[in-house]
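Novice: 3D model of this:
(one chain, ligands or ions: 2)
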Amino acid sequence: MTREQVIEAARAAFLAHYGVAPTAVGVAPGRVELLGNHTDYNEGFVLTAAVDYVTAIAGAHSERPLTHLASSAGFPEATFDPSAMEKSTGEDRWANYLKGIVDELQKTGTPVGKFAGFVVSSVPDGSGLSSSAALLMAAARLLTTLWPDPLADSPMELAKLARRAENGKFVGAPVGLLDQFSSACGMAGNALFLDCRSCAWRAVPLPSDKAGILIANTNVKHELAAGGGYSERHGQCLQAARQLLGRGDAKLRDVTPALLESKGIGLNPVLKQRAHHIVYENARVERAAEALEHGDLAEVGRLMKQSHESCRRYFENSCDEVDLLVEVASALPGVYGAKLTGGGWGGSAVILHDPTVIEDLKAALTESYTTKFGKAPTLLTTTTAQGAEGISL
Ligand code: ADP
Ligand code: MG
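Specialist: Residues are numbered from 1 along each chain as shown. Ligands and ions are numbered 1, 2, ... in the order given. Okay, the predicted model is just below:
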């Protein structure tokens, strides 16, 4: 479904469900990390993009005693009192994301009251496209349209609010800003370069007629993904930074390749490998943003391949399934580059390719993957897209 079709479906579903027309829609895209794997919590750089899979929430002010929420994605209807919200632990806990946004808006002085909402989404479940950020940003855009707030003039400020909502007492997920930022600030035809320390960012051209984005999902999640690999890497990065820089609050962002080569000798070999990945990955993200500014897609592709190799060898967060997808894709003419995207130990590969080779690429990936693993990967063709938006109807 296109963005317009998702918006229209949310409108129609609201009308059918509540018997009245909605007065506003909030719509927000999912995102993909193109380069900068595990760099965000090291206060480094990321190259990301909003994609053309979106979540839309149609809504209206409500005179009923409670806020009512429904979703077409198979989640049960939820109700809550916006002046006395509690975290839900039941089947309706998806509404915690909206409670988080309501709570954060109320904290900034926006008097968000009762409303009705209906969610429709084209963001595939479990695809690593950050359906939670799309839901949060769609909610933030809907509610700042129903209750206008100057905050809505700044996509970055809304992204920070959505991050606080995801970190806060209703959801409680210790995520960084990357997902909400990408969903809030996306621009069609562009990737986004983000400095995760200063939150400074800029759009860099990634023209969709020259570069398509394919997300190849292995649909596997290895034990390390579920069992704390992410927090283990987080801890190792902090420890490496502390030892290299000699400060308690040090981050690998401040370690240069030269410093790593000179001071890394005394470091435990595992910590040195982790630091090696982050330090050089940050440099790759900076180079990739510059390459895109010069229209050099081949260089971006080379940097993506190096990033994947670094995940495999130094960060050790890839797996056989993702490695195969990257290897097969990289060998095809018309593919600029391919790499692991997301936390790792399963999940997806992101492949940047000439749009004219998409059918060959999909066929080659499906064939090789099915031969080796006995099932097909899920292939999502996508392109860069605009960020979250609130629409008055
Ligand atoms: P992701 O990587 O997709 O962001 P998360 O676990 O962070 O995965 O977020 C997924 C959660 O977001 C779901 O379990 C659900 O609570 C909520 N969510 C996402 N999309 C929808 C939707 N269309 N309707 C209702 N809730 C949704
Ligand atoms: Mg999420």
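Novice: When you work out contacts or count neighbours from here on, use the C-alpha atoms and nothing else.
Specialist: Noted.
Novice: could you dump stretch 124-141 to CSV, C-alpha only?
Specialist: Extracted in CSV, the C-alpha atoms of stretch 124-141 (Å, rounded to 0.1, in the frame of the first residue of the first chain):
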residue,chain,number,x,y,z
PRO,A,124,5.5,-5.3,8.3
ASP,A,125,5.7,-6.9,11.7
GLY,A,126,9.1,-8.1,12.9
SER,A,127,10.8,-6.7,9.9
GLY,A,128,13.3,-4.4,11.8
LEU,A,129,11.8,-1.3,10.2
SER,A,130,10.9,0.1,13.6
SER,A,131,7.1,-0.2,13.7
SER,A,132,7.3,1.2,17.3
ALA,A,133,8.8,4.5,16.1
ALA,A,134,6.3,4.8,13.3
LEU,A,135,3.5,4.3,15.8
LEU,A,136,4.9,6.8,18.2
MET,A,137,5.6,9.5,15.6
ALA,A,138,2.1,8.9,14.0
ALA,A,139,0.6,9.4,17.4
ALA,A,140,2.7,12.5,18.1
ARG,A,141,1.7,14.0,14.7
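Novice: How about the residues of the stretch 51-200 of the chain by ligand 1?
Specialist: 71, 73, 75, 94, 119-121, 125-126, 128-133, 135 (CA under 6 Å from any ligand atom).
Novice: Filter those residues down to the ones in strands?
Specialist: 71, 119, 120, 121 (DSSP state E).
Novice: got the residue ranges for the strands in the stretch 251-393 of the chain?
Specialist: 335-341, 346-353, 378-382, 389-392 (DSSP state E, counting those that start in this stretch).
Novice: for these, which one sits closest to ligand 1?
Specialist: strand 346-353 (9.9 Å; CA to the nearest ligand atom).
Novice: tell me which strands and helices the closest one is in contact with?
Specialist: Helices and strands touching strand 346-353, by 3 or more CA pairs under 8 Å, 6 or more residues apart in numbering; DSSP states H and E, are strand 212-221, helix 320-330, strand 335-341.
Novice: Most tightly packed of the strands of the stretch 251-393 of the chain?
Specialist: strand 335-341 (a mean of 29; mean count of other CA atoms under 10 Å).
Novice: List the pairing partners of it within its sheet, with orientation.
Specialist: Here strand 335-341 is paired, per DSSP bridges, with strand 346-353 (antiparallel).
Novice: now the angle between strand 212-221 and the partner strand, please.
Specialist: Strand 346-353 and strand 212-221 meet at an angle of 170 degrees, taking axes from the mean of the first three to the mean of the last three CA atoms, to 10 degrees as the criterion.
Novice: Give me the distance between strand 346-353 and the centre of its chain.
Specialist: 13 Å (CA atoms, centre = their mean, to the nearest Å).
Novice: What lies in contact with that strand?
Specialist: Defining contact as CA atoms under 8 Å, 6 or more residues apart in numbering, one finds that strand 346-353 is touched by 32, 34, 127-128, 210-222, 225, 301, 318-319, 321-322, 325-326, 329, 334-342.
Novice: what's the answer for stretch 146-162, then?
Specialist: 23-24, 60-61, 100-101, 104-105, 110-112, 133, 136-137, 140-141, 144, 177, 180-181, 183-185.
Novice: for the ones in strands among the residues of the stretch 51-200 of the chain next to ligand 1, which one is nearest ligand 2?
Specialist: Ranked by distance to ligand 2 (CA to the ion), those are led by residue 121 at 14.3 Å.
Novice: Got phi/psi on residue 247?
Specialist: Per-residue torsions, residue 247: phi -130, psi 140 (degrees, to the nearest 10).
Novice: what about it, how many residues close to it?
Specialist: 10 (other CA atoms under 10 Å).
Novice: now the residue nearest to residue 378 when sequence neighbours are not counted: how far from residue 321?
Specialist: Counting by CA to CA, 6 or more residues apart in numbering, residue 378 lies nearest to residue 217, which is 5.0 Å off, once chain neighbours are set aside. According to CA to CA, to the nearest Å, residue 217 and residue 321 sit 9 Å apart.
Novice: Which residue ranges of the chain form helices?
Specialist: Using DSSP state H, the helices found in the chain span residues 3-18, 95-107, 131-146, 155-167, 178-185, 223-226, 229-245, 257-263, 269-293, 297-310, 320-330, 358-373.
Novice: List the residues that contact residue 59.
Specialist: 14, 22, 23, 24, 25, 115, 116, 117, 118, 142.
Novice: follow-up on the earlier one: for the residue nearest to residue 378, grab the count of nearby residues.
Specialist: So residue 217, with other CA under 10 Å, has 23 neighbours.
Novice: again, but for the one 5 residues further on
Specialist: As a burial measure, the neighbour count of residue 222 was computed by other CA under 10 Å and equals 15.
Novice: before we move on, back to that, beta-bridge partners for the residue nearest to residue 378, please?
Specialist: When bridges are called by DSSP bridges, residue 217 pairs up with residue 348, residue 378.
Novice: which residues sit in contact with it?
Specialist: 127, 347, 348, 349, 377, 378, 379, 380.
Novice: The residues you listed: which two are farthest apart?
Specialist: 347 and 380 (12.9 Å; CA to CA).
Novice: I'd like to know which of the ones in strands among the residues of the stretch 51-200 of the chain next to ligand 1 are buried.
Specialist: Buried by 16 or more other CA atoms under 10 Å: 71, 119, 120, 121, out of those.
Novice: Just send the strands of the stretch 251-393 of the chain back as JSON lines, with mean pLDDT and distance to ligand 2 too.
Specialist: Shown next, in JSON lines, are the strands of the stretch 251-393 of the chain (pLDDT from 0 to 100; distance: least, CA to the ion, whole Å):
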{"stretch": "strand 335-341", "mean pLDDT": "98", "distance to ligand 2": "14"}
{"stretch": "strand 346-353", "mean pLDDT": "97", "distance to ligand 2": "13"}
{"stretch": "strand 378-382", "mean pLDDT": "96", "distance to ligand 2": "18"}
{"stretch": "strand 389-392", "mean pLDDT": "98", "distance to ligand 2": "19"}
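Novice: Much appreciated, bye for now.
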